[in-house]
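Engineer: give the three-dimensional model of this entry:
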Amino acid sequence: QVQVVESGGGLVQTGGSLRLSCEASGRTFDMSNLGWFRQAPGKEREFVAAITWSGDSTYYSDSVKGRFTISRGNAKNTFYLQMTSLKPDDTANYYCAAGRVLGTREALNYDVWGQGTQVTVSS
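Structural biologist: Numbering: from 1, shown residues only. The predicted model follows:
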């Protein structure tokens, strides 16, 4: 089995930056894709960004493109979401997820989810 654990959330002012981390463990060789999603109170879960497990390809939602960067760390089962120019609309619980489908933005294609880390952007 695969497990993923997020960290790095917190409170930041508008225009600030945060870096989220996602550490995967277990049978990670079964996985092809690592994605970040977010969910704000009263809203549906939303795709944010994804990266192939090799780190070769990245995908972003239009709402974060140019502000967020997804990457894989030197420790190959660690992934990051660097968030810059944060806005109050970015406030949400952020989840990382691992799946077997390459390049997917669909939550249904992710098999393993973390518990989430809260990001709050104050105005």
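
Engineer: contacts for the helix or strand where residue 23 lies next, please.
Structural biologist: Taking DSSP states H and E as the definition, residue 23 sits inside strand 18-26. Applying C-beta atoms under 8 Å, 6 or more residues apart in numbering, the external contacts of strand 18-26 come out as 1-10, 12, 31, 34, 36, 77-83, 86, 94, 96, 98, 114, 117, 119. C-beta coordinates here come from the backbone N, C-alpha and C atoms, glycine included.

Engineer: go with 7 Å
Structural biologist: Here strand 18-26 makes contact (C-beta atoms under 7 Å, 6 or more residues apart in numbering) with 1-10, 12, 34, 77-83, 86, 94, 96, 98, 114, 117, 119.

Engineer: repeat that for stretch 52-71.
Structural biologist: 31-34, 36, 46-51, 72, 79-85, 102-103, 105.

Engineer: show me the contacts for residue 51.
Structural biologist: Listed by C-beta under 7 Å, 6+ apart, the contact set of residue 51 reads 34, 57-58, 70, 72, 79.

Engineer: give me the pLDDT for the residue minimising distance to the centre of the chain.
Structural biologist: Centroid-nearest residue in the chain, with C-alpha atoms, centre = their mean: residue 36, separated by 2.3 Å. As predicted, residue 36 sits at a pLDDT of 98.

Engineer: tell me how far it lies from residue 70.
Structural biologist: Separation of residue 36 from residue 70 (C-beta to C-beta, to the nearest Å): 6 Å.
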